[in-house]
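Colleague: need a structure here:
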Amino acid sequence: MKLSCLQEKLSKGLGIVSRAVATRSTLPITQNILLVGEPSRLKVSATNLEIATTSWVGAKVEEEGSITIPARLLVDFVNSLPSDLIEITLPPDSHTLELKSGHFQAHINGIDAQDFPPTPEISDGITASVKATNLREGIKQVTFTAAMEESRPVLTGINTEFDKEQLTLVAADGFRLAVHKTTLSSPIKEPTTVIIPARTFNEVNRILGEQEEPVEITINQQKSQILFHLENAEIVSQLIPGSFPNYSQIIPQSYNVRAVVGINEFIQAIKASSIFARDSSGIVRLVITPGSELSQGKITVSAQAEEVGGNVSELDSLVDGEEAKIAFNVRYLSDVLSAIPQAQVAIEITNSSSPGIIRPIGTDNYVHVIMPMFVQWEN
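Modeller: From the prediction side, this is the model:
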């Protein structure tokens, strides 16, 4: 193999795939990155056997070939080089890669590419296309809600529903639920539901960057693997087997009070309360008070820690309904508010022991449900 490419392009390609490198594995070669010299480009791949990421780097290829190189060593060395042309050479019948750029050069021992796990080919099955901006927003608004613990594997994934022209992303961890709906670029042939690992979606979002082209999605016929085709990269991921809970039953269909508030002011109040909530089990209290003919409604946000102190913030709000009190985990509130780009949100509450709902104002494609925390309220 003999080729040359620009340092910044190779560094970007390695950065795209490096998150898929196995950190701990019984198969040492998965801690390597696969390099394949192809006509006019260098293919760069990594896998941890659950997710495989491939990127392509424009290159002048004089001789094709392939090798796998320890990921951390390769990434660190390439990133240390100046922005210049890198010459990459693999002598015939050798497993030692030679890299040269200006006054810098290195020799890195690798492992034969034939031992590298093959990336699954997903060419048939169910295909869909979605605008990059729509997918970015959906990922941002649901993945943080997925469970981190593996005790219920299906909750570590995003329930992904393809139905005609609609894509629905759903995540839940037992304490909160997020549902985001968006439009597919073209109708899908048959309704399909799969559970995609949240970390796969996060990786897709990271690689998407500022891409504007639509993302093509292919699910194999067995519904065990999914392929995301991006502008200069591909991600193949295992799907999570099992059935997602019936989330529609969790979303309250009515409320006793609805309050609309500016999101920036709400975030600021939550941030102030979080300083005290961290010493009181993360509890933040909301009291919603209707307005009168002469005054506007308000939301009172407070946190109280016995040994430290407490704080109170008052926010002007448009309130529809009766007075209500509810307590939430402050991090859950902060997470969802940070994921909403709109200027205002609505909070819908039935009572202090029922789930609360947060919806952005100006769009009906997102709903977030948070279970309340039980506290003693002073009359």
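
Colleague: quick one, helices of the stretch 251-379 of the chain?
Modeller: Assigned by DSSP state H, counting those that start in this stretch, the stretch 251-379 of the chain shows helices spanning 263-277, 330-338.

Colleague: what's the closest of these to Leu73?
Modeller: Nearest to Leu73, of all these, is helix 330-338, at 36.6 Å by CB to CB. Bear in mind the C-beta positions are built from the backbone N, C-alpha and C, glycine included.

Colleague: now do the closest one, average pLDDT.
Modeller: Averaged across helix 330-338, pLDDT comes to 96.

Colleague: now swap in stretch 228-239 and tell me
Modeller: 94.

Colleague: how about stretch 248-255?
Modeller: For stretch 248-255, mean pLDDT rounds to 92.

Colleague: likewise for stretch 304-322?
Modeller: Averaging pLDDT along stretch 304-322 gives 91.

Colleague: so how far is that stretch from its chain's centroid?
Modeller: Mean-position distance between stretch 304-322 and its chain equals 31 Å (CA atoms, centre = their mean, to the nearest Å).

Colleague: likewise stretch 214-223?
Modeller: 18 Å.

Colleague: if you skip the residues just before and after it, what's nearest to Leu99?
Modeller: Excluding the flanking residues, the one nearest Leu99 by CB to CB, 6 or more residues apart in numbering is Ala106, at 5.0 Å.

Colleague: the host helix or strand of Ile226 pairs with which strands, parallel or anti?
Modeller: Assessed by DSSP states H and E, Ile226 sits inside strand 225-229. Paired neighbours of strand 225-229 in the sheet (DSSP bridges): strand 215-219 (antiparallel), strand 233-238 (antiparallel).

Colleague: go through it and flag the buried ones.
Modeller: 225-229 (16 or more other CB atoms under 10 Å).

Colleague: so for this structure, the centremost residue is which one?
Modeller: The chain has Asn202 as the residue nearest its centroid, 2.7 Å off, counting by CA atoms, centre = their mean.

Colleague: who are the neighbours in contact with the closest residue to Asn220 other than its chain neighbours?
Modeller: Excluding the flanking residues, the one nearest Asn220 by CB to CB, 6+ apart is Gly125, at 4.4 Å. By CB atoms under 8 Å, 6 or more residues apart in numbering, the contact set of Gly125 is 218-221.

Colleague: helix/strand/coil for Ser11?
Modeller: For Ser11, the secondary structure call by DSSP: H, G, I helix; E, B strand; the rest coil comes out as helix.

Colleague: that one contacts Ser80, correct?
Modeller: No. Judged on CB atoms under 8 Å, Ser11 makes no contact with Ser80 at a distance of 9.8 Å.

Colleague: which of these two has more neighbours?
Modeller: Taking other CB atoms under 10 Å, Ser11 and Ser80 do not tie; Ser11 has more neighbours (18 against 12).

Colleague: what's across from Ser66 in the sheet?
Modeller: Going by DSSP bridges, Ser66 forms beta bridges with Val36.

Colleague: quick check: it vs Leu73, distance?
Modeller: For Ser66, the distance to Leu73 (CB to CB, to the nearest Å) stands at 18 Å.
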